[in-house]
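> Mind looking at a prediction? Sequence and model below.
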Amino acid sequence: MWSTTGFSWQTRSYWLFSTGAGAALVLAAILGLIVGMIVVAQTLYAATVERISEFATLRAMGAPARYLYGIILRQGLLSAAIGFAIGMGVARAIVHAAHDANAAMLLPLPLVAGLAVATVAMCSGAAITSIRRAVTAEPALVFK
């Protein structure tokens, strides 16, 4: 005889590890992280290249590299916050809509917190290429 908790864990274990569903979920999550990071990186890079003369002006005025890091990192964090808010809004709506379904979905707080950390890490990592471009902007570019 299974306890409720034991049966729950046994069922989860079966679906995640004994069928292809678990591998598909993990692969989809990894693919989502990669695609999300690429989209954010391209967006930040395009914004940085579009404003490269402003970054070069800041460098010519003596702004430290740390200041430029902060500008671009804040852009990445803003992207993370907006994306996370939209994603969690959609996820909450789906969980609410499926509340009465045969297989109700859960969105526990530790999962939400983990997703928030992953989103911030992904967007911060995506800002690296833009930071490199801004920091290496030639101050002489201002005078061209």
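The structure has been received and is ready for your questions. In this text the structure is predicted, and so the values were computed from the model without any measurement. Residues are numbered from 1 along each chain as shown.

> Show me what stretch 47-61 is in contact with.
67-68, 72, 75, 130, 133-135, 137-142 (Cβ atoms under 8 Å, 6 or more residues apart in numbering). C-betas here are computed from N, CA, C, even on glycine.

> what's the most distant pair in those?
The span of these, defined through Cβ to Cβ, is set by 75 and 140 at 24.9 Å.

> So the two - more neighbours on which side?
residue 75 (18 against 10; other Cβ atoms under 10 Å).

> Show the contacting residues for that one.
Residue 75 sits next to 44, 47, 127, 130 when contact means Cβ under 8 Å, 6+ apart.

> Quick check: of those residues, which has the highest neighbour count?
Neighbour-wise, those (other Cβ under 10 Å) top out at residue 130, 27 neighbours.

> so it makes contact with residue 43?
No - counting by Cβ atoms under 8 Å, no contact exists between residue 130 and residue 43, whose distance comes to 9.1 Å.

> so where's the chain uncertain?
Applying pLDDT under 70 to the chain flags residues 141-142, 144.

> could you point out the longest helix in it?
Longest helix in the chain, counting residues (DSSP state H): helix 65-97.

> Report the buried residues of it.
68, 69, 71, 72, 73, 75, 76, 79, 80, 83, 84 (16 or more other Cβ atoms under 10 Å).

> Show me what secondary structure element comes after it.
helix 109-126 (DSSP states H and E).
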